[in-house]
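S.K.: sequence first, predicted coordinates after that:
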Amino acid sequence: MPDHAALNRATLIDTTKCIGCRSCQVSCKAWNDLPGVTTQAPAAGMGFQEPRLLSSKTYVVITDKLVGDPESSEGFRQIFAKRQCMHCEEPACASACPVTALHKLDDGPVVYSK
Amino acid sequence: MNNHWVDLKNSKVFLIEGSNAAENHVMSMKWIRKAQENGAIIIHVDPRYTRTSAAADIYARIRAGADIAFLGAVINYILEHKLYDEPYVKLHTNALMLAHQEFGFEDGVFSGYDEATRHYEIASWGYQLDGNRKPKKTKSLDDPHCVFAQLKKHYSRYTLEMGSQISGIPVETIKKIADTLVNNKPGTVMYALGMTQHTVGVQNIRCYGVLQLLLGNIGVPGGGVNALRGEPNVQGACDMAVLNGYLPGYLSYPAHNEPTLEAWTKNYGTFRAKFLVNNMKAWFGDNATAENDFGYAWLPKRSLKLNHTVYGFFESAYKGDLKMLYVIGQNPMVTNANLSLTFEGMSKLETLVVHELWETETASFWHRPGVDPKTIQTEVFLLPAAYFMEKDGTITGSGRMVQWRYKAVNPPGEAKSDLEILDTLFHKVRDLYKDSIDPKDQPIKAAVWNYPKEGMSEAVLKEIGGFDLKTGLPVNGIADLQADGSTSSGAWIYAGLFKGGKNLTKRRDSKTDPSGLGIYPGFAWTWPGNMHILYNRASCDEKGQPFDPKHKLVWWDAEAKKWTGFDTPDVPVPTDGPDTPNGQRAFRMNGEGVGRLLAASYKDYDPKAANKELPRDSSYVPKDGPMPEFYEPVESPTHNALHPEVKNNPCLKYPRVKGMQPIGTKEEFPYVLMTSSLAEHWCAGSTTRNVPWLSELFPEPVVELPEKLAKQLGIQTGDMVKVHSARGGITVKAEVTRRMQALQINGHEVTTVWMPYNWGFKGLNTGPSTNYITIDATDPGAGTQETKACLVNVTRVEGGNRA
């Protein structure tokens, strides 16, 4: 484990409380001054998930999945999860990147060179 | 809301029916999740499994339009098994009052029905009266003549099996929901347009009133019947008489058969006439005197023969009776049901003024796709308006909290605040009339209208709050308002928001909450009189002491000889104790002073009044019945299982315009369509569809279909499908989802599909408008359209794109 681990702070996102409103997606774009992108709903199995993927223009996506649950009256549950850069301790993306565009900084964040 | 947003945290159970709170009132979930952490149970009843269902503990899929069948079964279960709160029901409702001997319900209609006019004569909906014209009371709920007995008799037809057969909710689930409501108190009811957009909308909400009164859930923290209002200031707009039948503060708007103030008072009582006088003093100032009825003759009278709702407008325009329309903050070319008729009506106007942020579909109806602008002669004016951050003033939220908001930036270009536009317009109009002696122009000449250019919105708010006209100082509350013209108030329910000369809506004490219940009395100001929980006297017993001493709200302080507590006590006079009639009027806004299981016709007379002919107060009666009864939607996939001969609301009048309002049959249009708004787009989408960050989240309208129907029609997610009704059709992409499911109704399978209605042809993100499909049949009382249930067909568009 690198030395900077002790300095790192983490954000706990309790997805069991998430209602899939996606305000976090919008406020992320607002704070980071990111553009809206063209999307095309809907796609099978993706539910409300838009944009479909993270990108240089979209740092946060809430995924929307129906998962089987025999205990529920409908036989499924709708589950939301927040997808974003997790700023991993040992970012696999950085080690996999062939052009070394991704880096882990000493104070925690994983960043990329534009 | 009877209660308020923060109070949701005090609930032990939530019945969310006719609302998709998690998507359309997102912040409510902040308080619901807090309650859930404390063990509260969320019940969501909806035809569509939504993000609210995902957050719920119990989800019940109901057929669109079958709410009264389900709630009637819950009510009957509670009555039959004696699961009601007996002390509360006896003390705080009209259960023990004796109903009129001729009251009854037979063959699908209540007593007094006239089939020719589709109208009820309501005399038999009253009480048996004593010598003082007060309702006679019995001591026992078992008395066969009392209101409670009538209620039991009425709902005895609503067995669990009947409720299930009509609504599609399994018997066991209805029972489980009823038991959950009974065993977890306090419980709250949350509803929105899913409950109101029906031809039985008023009666849907009356079910909640009956249910919550039986459970003793009104007037207590964590209880109430809570309407979640869709637009930030829609509560304020309704308070200020945006509803066609009302003056500010929900005083009935004078009608053609009420030519004098006395005639109005005979219908609505001296209690309300006092507030009307204060209203007219605010409008006409010194020109309003006792001698001229305070200017009552100047108020235009509405004809009870005409339809003054937004649907009536376009129908009048279509017939050529309405020449000019002024639209502010509304986009009917997207939001009205049966848009083809709206368009035809609009095309016949001579003049249209739209006062808006954007060039909306309404402002540009004359060049909508497929229409040759040369065929439309309407002259259209578009006045650029300011956005909420570009003007100051108050907004009133669902919890009746009036909050001051400051202007952050100046409006762009020539855009102006609504107030500046209307102020300029009024002065121009008055100038044009300055030499007129025509009586119809006199109210414009007599009006007091001299707001300063600087601080205009605060001056208007002060006028709404009211003045003591002798001292010129703001009044301190409703109790200060006088009937003799010595005070004024532009909306009596807002009286006192400048108490002590300070603008209380600017207060921001978010730290002090002595109750621990989330009341925060020093944060902004809540009408009436900074009261956060309406009917809170009902949280106390006969002696004025809290039923639940662990959750005290208000109480009678015998030593101080006054009502006191953590909230403003909801009593007629704070020093009238439980040993006086006033001290037992927990529902003082009803003539009877109690909650009404039967919405009886009743006028309350003060035996000491000088004029014996004028009632003190008059209770509101829904025109389509004193108790909720189930009727099928106008376009229904099935028969009425309770009374096949009377299928629809007997007071319904539809079609209103021959040839323009066709009714589809289930043979031709086999599926039920329900429509709603989205978390991502608000209402007509005029603003939200111009925000790229919101448009990427929900880029175009869709139709949600169950997997079974999709398979049957050969449709997959992303396919283009046509959804069409007897009125029109549009083509959108399909979303095939397990969240939609067919139901068994009266022994047959009924399939429901869903569409959002937020799109139109203007803005950054355009799409077809769902309201070309929907039906404009309306609730007989409220005038709200049945956009939650109509019949459609769904067909695959050959060669349609697949995403």
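M.R.: Arrived safely, thanks for sending.
S.K.: shaky segments in chain B?
M.R.: Residue ranges of chain B with pLDDT under 70: B:799-803.
S.K.: show me the domain layout of it.
M.R.: Domain ranges of chain B: B:6-230, B:671-796, per automatic domain parsing.
S.K.: equivalent analysis for chain A, please.
M.R.: A:12-83, A:86-114.
S.K.: wait, which of the ones you listed is closest to B:Phe284?
M.R.: Among the domains of chain A, the nearest to B:Phe284 by CB to CB is domain A:12-83 (46.7 Å). (Glycine included, C-beta is placed from N, CA and C.)
S.K.: spit out the contact partners of whichever residue of chain A sits closest to chain B.
M.R.: Closest to chain B within chain A is A:Gly36: 2.5 Å, counting by CB to the nearest CB. A:Gly36 makes contact with A:Lys29, B:Val691, B:Pro692, B:Trp693, B:Ser695, B:Glu696, according to CB atoms under 8 Å, 6 or more residues apart in numbering or on different chains.
S.K.: which elements pack onto the one helix or strand B:Lys30 maps to?
M.R.: Assessed by DSSP states H and E, B:Lys30 sits inside helix B:28-37. Secondary-structure packing of helix B:28-37 (3 or more CB pairs under 8 Å, 6 or more residues apart in numbering or on different chains; DSSP states H and E): helix B:21-24, helix B:51-55.
S.K.: wait, which of the ones you listed is closest to B:Gly728?
M.R.: Across the helices and strands packed on helix B:28-37, closest to B:Gly728 is helix B:21-24 (CB to CB), at 25.4 Å.
S.K.: which ones are touching the one residue in the stretch 351-500 of chain B that gets nearest to chain A?
M.R.: Proximity to chain A, evaluated over the stretch 351-500 of chain B using CB to the nearest CB, is greatest for B:Met389 at 14.0 Å. Listed by CB under 8 Å, 6+ apart, the contact set of B:Met389 reads B:Lys407, B:Ala408, B:Val409.
S.K.: ok, 10 Å please
M.R.: Shown in contact with B:Met389 (CB atoms under 10 Å, 6 or more residues apart in numbering or on different chains): B:Arg405, B:Tyr406, B:Lys407, B:Ala408, B:Val409, B:Pro411.
S.K.: quick check, it in a strand?
M.R.: No: counting by DSSP: H, G, I helix; E, B strand; the rest coil, B:Met389 is not found in a strand; it is helix.
S.K.: separation between it and B:His145?
M.R.: B:Met389 is 59 Å from B:His145, where distance means CB to CB, to the nearest Å.
S.K.: and for the residue nearest to B:Arg616 when sequence neighbours are not counted, the neighbour number?
M.R.: Distances taken as CB to CB, 6 or more residues apart in numbering or on different chains place B:Asp606 nearest to B:Arg616, at 4.4 Å, with adjacent residues excluded. Applying other CB atoms under 10 Å in any protein chain shown, we find 17 residues neighbouring B:Asp606.
S.K.: how about stretch B:375-388: buried residues?
M.R.: Across stretch B:375-388, burial judged by 16 or more other CB atoms under 10 Å in any protein chain shown covers B:Ile376, B:Thr378, B:Val380, B:Leu382, B:Leu383, B:Pro384, B:Ala385, B:Ala386.
S.K.: now the residues you listed in TSV, with secondary structure and distance to B:Ile745?
M.R.: Shown next, in TSV, are the buried residues of stretch B:375-388 (DSSP: H, G, I helix; E, B strand; the rest coil; distance: CB to CB, whole Å):
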residue	secondary structure	distance to B:Ile745
B:Ile376	coil	44
B:Thr378	coil	44
B:Val380	strand	46
B:Leu382	strand	47
B:Leu383	strand	49
B:Pro384	strand	50
B:Ala385	strand	46
B:Ala386	coil	49
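S.K.: list just the nearest of these to B:Gly659.
M.R.: Using CB to CB, B:Ile376 comes nearest to B:Gly659 of the buried residues of stretch B:375-388, at 20.5 Å.
S.K.: quick check: phi and psi on that closest one?
M.R.: Dihedral pair for B:Ile376: phi -110, psi 130, per degrees, to the nearest 10.
S.K.: filter the contacts of B:Met389 by proximity to chain A?
M.R.: Taking CB under 10 Å from any CB of the partner chain as the test, chain A is in contact with none of the contacts of B:Met389.
S.K.: in terms of secondary structure, what does the helix or strand hosting B:Leu419 contact?
M.R.: B:Leu419 is part of helix B:418-432, with elements assigned from DSSP H and E. For helix B:418-432, the elements it packs on are strand B:324-328, strand B:351-356, strand B:379-384, helix B:442-446, helix B:456-465, judged by 3 or more CB pairs under 10 Å, 6 or more residues apart in numbering or on different chains; DSSP states H and E.
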